[in-house]
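A.B. asks: I'd like to go over a predicted model; first the sequence, then the structure.
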Amino acid sequence: MLPPGSDLTRDLAEWLPSQRWFGGKDGPIDELSIGTATELRSGDPALHHLVLDVRQNGLTDRYQLLLGVRRYLPDRLRHVEIGRDSGGARPRLYDAAHDPDLTRTLLDAMADEASIGPLRFRHVAGARIRTDLASLPITAEQSNTSLLFGDAYICKLFRRLSDGVNLDLEVNLALTHGGCTHVPAVHGWIELEPGEPGAEPVTLGLLSDYLHTGADGWSLAIASVRDWFAYPLPYGDEWAELDASAAGGDFAAEAERLGAATAQVHRALADAFGVTLVPAAEVRAIAARMNTELTATCRAVPGLAPHAKALTAAYLDLAARAEPMPVQRVHGDYHLGQVLRTEYGWTLLDFEGEPARTQSERRAFAHPLRDVAGMLRSFEYAARFLITKAGTVPTESGPRLETRAHSWAARNRAAFCRGYAAAGGADPAAHSVLMHAFEFEKAVYEVRYEARNRPAWLPVPLTSLAHLTA
Ligand SMILES: Nc1ncnc2c1ncn2[C@@H]1O[C@H](COP(=O)(O)OP(=O)(O)O)[C@@H](O)[C@H]1O
Ligand SMILES: O=P(O)(O)O[C@H]1O[C@H](CO)[C@@H](O[C@H]2O[C@H](CO)[C@@H](O)[C@H](O)[C@H]2O)[C@H](O)[C@H]1O
């Protein structure tokens with residue numbers, strides 16, 4: 001049984017701001033109410049699914065919570081307790097995503113395709129969901145919470161809920177059905193019935209293959225940069241002549257394979273969702289929007305202003321192109337942290353798009369080279385990450401390291417583009433106007449993202465812009 005509503009909402013309002021995934025940390029919670037409460041398991045422990053309506057600054061966001069209820073709380077769950085111990089006067093409450101005794105209920109319900117209150121649990125046709133696995137939450141800094149079920153599944157529980165079908169579910173289901181092997185296969189999902197007739201269900205969770213042998217692209221790339229930075233320079237001052245292929249941990253072959261996998265996923269996305277042509281007039285409007293974002297970001301982050309002229313020139317070139325532009329569904333927030341290298345090749349994750357964009361902006365068709373530009377930005381980031389983390393590179397400093405970073409980025413950017421074009425994607429070298437505009441657009445987004453979320457990282461996009469616009 002849940003405690004009285006007023007106690008529960010007070011406890012939740014106190015607890016939410018301390019959660020990594022809570023998106024409203026920059027302001028107070030004006031009001032918190034319980035939108036839906038669904039008992040998924042009775043007894044002790046009990047499991048309730050809650051949708052919380054959280055009002056801040058005149059806007060309401062919805063969050064989901066698996067609420068565990070126990071008479072006695074074992075030590076292993078103390079760190080996720082919600083509210084205070086009342087000395088036995090009422091049961092203890094906690095975040096049940098951390099309780100494998102309760103999360104098993106999700107697998108059972110997906111295996112049975114159960115409908116419980118407004119919740120529907122689903123599995124893909126013909127899938128046999130294993131229900132004998134205990135869960136472990138991934139502890140990485142994430143905006144959602146993912147549970148690992150043994151080595152078999154990863155279940156991503158979306159914390160802040162968006163209206164309608166989640167993009168990750170939509171894209172992964174379509175690509176899985178189309179036989180694309182560069183995304184983790186989907187096994188099941190959880191959804192909330194729409195509040196209004198005719199509306200789409202709201203996706204609550206997604207159960208996919210857990211690629212337990214995978215290593216993420218960012219870690220692999222950083223290992224390669226570290227190796228290159230530590231590579232001794234044999235010919236006195238001739239360091240500027242060296243290219244990054246000299247180091248043992250060269251990443252270029254992987255970058256090339258990643259480019260090929262990206263082109264194959266773009267082809268699969270085009271097959272699944274179609275391709276349309278944006279007329280030239282609309283391309284001009286896109287270029288104008290890029291410039292508006294640039295102006296707004298320069299106001300917020302003055303360090304961007306010295307690059308504004310070069311960026312505006314690239315947007316004007318795009319506007320002057322006077323050609324229709326083919327567009328399709330794309331990844332939308334493509335970077336090295338979104339790809340996993342397994343023994344079978346590269347796998348792409350997280351098709352949810354840029355977190356700061358609206359759902360319809362994220363679903364909108366775009367030119368596939370936008371993703372290519374996103375990944376090129378990521379090579380720039382990887383190349384400079386160790387430089388901004390002062391003290392991690394013992395050998396050289398300042399301009400010399402920047403030269404090394406530049407040569408690593410150039411080598412891997414070229415390899416990625418080569419792999420992309422060779423596998424049938426549009427050749428980035430033949431579309432320099434698009435590539436410049438898309439890469440600058442992404443860099444502006446990054447400047448804004450870093451200024452808001454990770455100010456210590458702001459020099460990374462700014463330094464790389466200095467190189468790209470020189
Ligand atoms: N299918 C998977 N197999 C293995 N690891 C995964 C899988 N999906 C996600 N991960 C790991 O979880 C991390 C976060 O996943 P992601 O989908 O990007 O979540 P979020 O939207 O919360 O950032 C990834 O960087 C990756 O390391
Ligand atoms: O992965 P998310 O969907 O949360 O994407 C956001 O955060 C990313 C950082 O985690 C951010 O990516 C930027 O930093 C990366 C290194 O940490 C780098 O590889 C990317 O190229 C760079 O854009 C992403 O932009 C943001 O939307």
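C.D. replies: Yep, it's here. Ligands and ions are numbered 1, 2, ... in the order given.
A.B. asks: interface residues of the stretch 101-250 of the chain facing ligand 2?
C.D. replies: Counting by CB under 6 Å from any ligand atom, the residues of the stretch 101-250 of the chain lying close to ligand 2 are residue 218. (Glycine included, C-beta is placed from N, CA and C.)
A.B. asks: Need the phi and psi values for residue 358.
C.D. replies: Note on residue 358: its backbone torsions stand at phi -70, psi 160 [degrees, to the nearest 10].
A.B. asks: ok, it - contacts?
C.D. replies: Contacts for residue 358 were tallied using CB atoms under 8 Å, 6 or more residues apart in numbering; there are none.
A.B. asks: any idea how far it is from residue 449?
C.D. replies: According to CB to CB, to the nearest Å, residue 358 stands 16 Å off from residue 449.
A.B. asks: One more: residue 13?
C.D. replies: 28 Å.
A.B. asks: And for residue 170?
C.D. replies: 24 Å.
A.B. asks: do the same with residue 154
C.D. replies: Distance, residue 154 to residue 449, by CB to CB: 25 Å.
A.B. asks: what does residue 36 give?
C.D. replies: Distance from residue 36 to residue 449, by CB to CB: 32 Å.
A.B. asks: Same question for residue 317.
C.D. replies: Using CB to CB, residue 317 is found at 25 Å from residue 449.
A.B. asks: now swap in residue 209 and tell me
C.D. replies: Taking CB to CB, one finds residue 209 at 29 Å from residue 449.
A.B. asks: can you pull the buried residues of stretch 372-389?
C.D. replies: Along stretch 372-389, these residues count as buried under the neighbour rule (16 or more other CB atoms under 10 Å): 372-387.
A.B. asks: for ligand 1, what are the nearby residues on the protein?
C.D. replies: Within the chain, the positions lying close to ligand 1 (CB under 6 Å from any ligand atom) are 138, 140, 142-144, 146, 154, 156, 184, 208-211, 214, 216, 337, 340, 349-350, 352.
A.B. asks: The same query, at a cut-off of 8 Å, please.
C.D. replies: 21, 138, 140, 142-146, 154, 156, 168, 184, 208-212, 214, 216, 337-338, 340, 347, 349-350, 352 (CB under 8 Å from any ligand atom).
A.B. asks: These in helices, which ones?
C.D. replies: Counting by DSSP state H, the part of those found in helices is residue 168.
A.B. asks: Any quick ChimeraX command for the buried ones out of the residues of the chain next to ligand 1?
C.D. replies: A single ChimeraX command selects the buried members of the residues of the chain next to ligand 1 (16+ other CB under 10 Å):
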select :144,145,146,154,156,168,184,208,209,210,211,214,216,337,338,340,347,349,350,352
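A.B. asks: mind listing which of the residues of the chain next to ligand 1 are in strands?
C.D. replies: The strands, defined by DSSP state E, take in 145-146, 154, 156, 208-209, 216, 340, 347 from the residues of the chain next to ligand 1.
A.B. asks: Could you find the closest non-adjacent residue to the residue positioned nearest the centre of the chain?
C.D. replies: When CA atoms, centre = their mean is applied to the chain, the residue found nearest the centroid is residue 350 (5.1 Å). Once flanking residues are discounted, residue 350 sits nearest to residue 338: 5.0 Å by CB to CB, 6 or more residues apart in numbering.
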